[in-house]
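Visitor: need coordinates for the below:
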Amino acid sequence: MGRYVTVSAKVPNELREKAKKFNINVNRLIRKALEDEVRRKEEEELRKMANEVSEILKKISSEEITKLIRETRYER
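Guide: Now for the predicted structure:
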């Protein structure tokens, strides 16, 4: 992962005390939640890009794709 930075958040004291009571590792929990959210956003962005590419590819006829594939084969 590389270098680390400190990220802080203010939470109510009561919540922090409850987390201690239940032996919740707040650092691990926050890190995991942040990793999961970043991963979810990255996947969302990739899905959006894939949909955009799909819309572009729908505009290309299968004959054109076949022609381009054959041209590429002959160039080898």
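Visitor: low-confidence ranges in this structure?
Guide: 1, 76 (pLDDT under 70).
Visitor: distance between stretch 65-72 and the chain's centre?
Guide: 33 Å (Cα atoms, centre = their mean, to the nearest Å).
Visitor: ok, now stretch 21-32?
Guide: In terms of Cα atoms, centre = their mean, the centre of stretch 21-32 is set 23 Å apart from its chain centre.
Visitor: for stretch 46-54, same thing?
Guide: Using Cα atoms, centre = their mean, the offset of stretch 46-54 from its chain centre is 13 Å.
Visitor: and stretch 60-76, by the same measure?
Guide: 33 Å.
Visitor: ditto for stretch 45-59
Guide: So, by Cα atoms, centre = their mean, the centroid of stretch 45-59 is 16 Å from its chain's centroid.
Visitor: stretch 37-56 too?
Guide: 8 Å.
Visitor: residue ranges of the helices in the chain, please?
Guide: 13-21, 26-58, 62-75 (DSSP state H).
Visitor: just give me the residue closest to the centre of this protein.
Guide: E42 (1.9 Å; Cα atoms, centre = their mean).
Visitor: ok, which of the helices of the chain comes nearest R3?
Guide: Ranking the helices of the chain by their distance to R3 (criterion: Cβ to Cβ) puts helix 26-58 first, at 14.3 Å. Backbone N, C-alpha and C define where each C-beta goes, glycine included.
Visitor: between that closest one and helix 62-75, what angle do the directions make?
Guide: 100 degrees (axes from the mean of the first three to the mean of the last three Cα atoms, to 10 degrees).
Visitor: could we number from 14 for the rest of this?
Guide: In the new numbering, first residue 14, that becomes helix 39-71.
Visitor: what angle separates helix 39-71 from helix 26-34?
Guide: Using the same axes, to 10 degrees: helix 39-71 against helix 26-34 is 100 degrees.
Visitor: list the buried ones in helix 39-71?
Guide: By neighbour count with 16 or more other Cβ atoms under 10 Å, helix 39-71 contains no buried residues.
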